[in-house]
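> predicted model and sequence below, questions to follow.
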Amino acid sequence: MTRARARKQAEIRQANLQRILDAAEVVFSRRGLQGATIDEIAAGAGLPKANILYYFRSKQHLYRAVIDNIVQLWLSTLGDISPDHDPREALLHYVRLKVRLSKERPHASRVFAAEVLSGAPVIGRFLRTDLKRWVDRQAAVFRQWSRQGRMEPIEPRHLFFLIWAMTQTYADFEVQVQAVLGRRTLREADYARAERTIGALVLRGCGLVPRGPRRPNKS
């Protein structure tokens, strides 16, 4: 096999895998692990069922791959907060990223939420290890900022719980948000207002004053 042919096959394989994972993410978010079927995922991916089972031995293996993909998305996108960062800018940046993820990957958020609600049978180890270590690292930075008088003392882990809840509601409970706002679909302006509102609440809760002129809250 020539290098060009091998490279082409690798590209096709990667493209097929991504199509399958994208389709599975949507189906799992709507149906859950038990309700989802390989047939529906294959239809969403635009591939024969045999192709799905060629890459993934079972629905359970595909579900685990989707979960692993979501976990890597969270960690790779959010990065780490440094003690050298400005607390205000770091918090606003984190809120911005979380709102963006809810806007751009709502199905991923719903799959993650459903997994946690079911007792985290697949990602339990991740929650207790990788995620806990990530939160512990950020919490140490927040405590250092508090000791330096750069922000009010606050329990960092619970601050993260609150930020997650506030930002992910725009994905996990999108239908509720649409209903209350009177929208068929959420607009870019809705996410921008959510980001500003959450950011302002977080800053004030940490004893940090938001900068800039106050903007009218138009619906």
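Yep, it's here.

> residues in contact with residue 78?
Residue 78 makes contact with 94, 97, 98, 134 under the criterion CB atoms under 8 Å, 6 or more residues apart in numbering. Any C-beta I mention is one placed from the backbone N, CA and C, and that applies to glycine too.

> how close does it sit to residue 131?
With distances taken as CB to CB, to the nearest Å, residue 78 is found 11 Å from residue 131.

> domains of this structure?
Segmentation of the chain into domains, based on automatic domain parsing, reads 1-56, 67-219.

> reformat these as TSV; add mean pLDDT.
Converted to TSV, the domains of the chain look like this (pLDDT from 0 to 100):
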stretch	mean pLDDT
domain 1-56	90
domain 67-219	92
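
> hmm, back to that, which of the contacts of residue 78 has the most neighbours?
Ranked by neighbour count under the definition other CB atoms under 10 Å, the contacts of residue 78 are headed by residue 98 with 24 neighbours.

> and that one, what element?
Assessed by DSSP states H and E, residue 98 sits inside helix 87-104.

> buried residues in the next helix or strand after that helix, which are they?
Moving toward the C-terminus from helix 87-104, the first helix or strand encountered (DSSP H and E) is helix 106-117. For helix 106-117, the neighbour count (16 or more other CB atoms under 10 Å) marks 106, 107, 108, 109, 110, 111, 112, 113, 115 as buried.

> cheers, nothing more for now.
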